[in-house]
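# I'd like to go over a predicted model; first the sequence, then the structure.
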Amino acid sequence: MLITIKEISKNPFILKDKIFIYPTDTIYGIGCDAKNEELVNKIRKIKQRPETPFSVIAPDKEWIKENCEISQNAKFYLNKLPGPYTLILKLKNKQAIANNVSFSSTIGVRIPAHPITKIISKLKIPIITTSVNLSGDKFMTSLDDLNQEIKSQIDAIIYEGPIKGKPSTVIDLSQDKEKILRN
């Protein structure tokens, strides 16, 4: 099912219990309800990524504050959201995500500067966010880049044309000193 942001804005709840591709402020992502262990496992199989942690798009900053430890450094970066950042934070509420999302005491969180954020906010749940590609392959920037094996295993594509971005900057804020893991 190919849909637009405008169409999904009218009824974002059709994404519940689905694996879907969506645009962000950086590149296209593949996601699902980050609390649904079965769907998270399906994304792991689709991406051929059995053990690497996934990040989530948080429904809002309040969700991040409720479920993650926010240091002084983290407050600074939290104020930069929405934006092209993934913040690695200590997870204080393990029930906020499925057990197979992170495999550690930390979680990567994003809030993109993009209309997809409003849709996720309406859903009120965290969504898995990972690039649309098989592990190690080039990420999707347009439908022309979409791997057919991936396409055959998803339920919906929210498409808005080519995106000329790069993956988000990843900043580890789980320790005393911040560390940029990807820029």
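Sure, I can see it.
# in the chain, where's the longest helix?
helix 37-47 (DSSP state H).
# can you mark which positions in it are buried?
For helix 37-47, burial by neighbour count (16 or more other C-beta atoms under 10 Å) applies to Leu39, Val40, Lys42, Ile43, Arg44, Ile46, Lys47. All C-beta atoms are positioned from the backbone trio N, CA, C, and that covers glycine.
# stretch 111-131 too?
Those would be 111-112, 114-117, 119-121, 125-131, for stretch 111-131 by 16+ other C-beta under 10 Å.
# from the residues you listed, which two are the most distant?
Ser121 and Ser131 (22.0 Å; C-beta to C-beta).
# that older thread, which strands or helices does the longest helix of the chain pack on?
With contacts taken as 3 or more C-beta pairs under 8 Å, 6 or more residues apart in numbering; DSSP states H and E, helix 37-47 sits against strand 28-31, strand 127-131, helix 148-151.
# how far does stretch 151-163 sit from its chain's centre?
In terms of C-alpha atoms, centre = their mean, to the nearest Å, the centre of stretch 151-163 is found 15 Å from the chain centre.
# so for it, mean pLDDT?
Mean pLDDT, computed over stretch 151-163, is 94.
# before we move on, what about stretch 79-87?
95.
# and the spatially most central residue of the chain, what is it in contact with?
In the chain, the residue lying closest to the centroid (C-alpha atoms, centre = their mean) is Thr129, at 1.9 Å. Thr129 is in contact with Thr24, Gly29, Gly31, Phe54, Ser55, Val56, Ile57, Thr86, Arg110, counting by C-beta atoms under 8 Å, 6 or more residues apart in numbering.
# partners of the second one in the sheet?
In this case it means Gly29. For Gly29, the beta-bridge partners are Tyr22, Ser131 (DSSP bridges).
# over to the last one?
Beta-bridge partners of Arg110, counted by DSSP bridges, are Ile57.
# can you read off the pLDDT for it?
For Arg110, the model assigns a pLDDT of 97.
# doesn't Leu89 make contact with it?
No. Here Arg110 lies out of contact with Leu89, judged by C-beta atoms under 8 Å, at a distance of 11.3 Å.
# these two: which is more packed in?
Arg110 (27 against 23; other C-beta atoms under 10 Å).
# list the contacts of the more buried one.
Contacts of Arg110 (C-beta under 8 Å, 6+ apart): Thr24, Ser55, Val56, Ile57, Ala58, Leu81, Tyr85, Thr86, Leu87, Thr129, Ser168.
# among these, which two are most distant?
Thr24 and Leu87, at 14.8 Å, using C-beta to C-beta across those.
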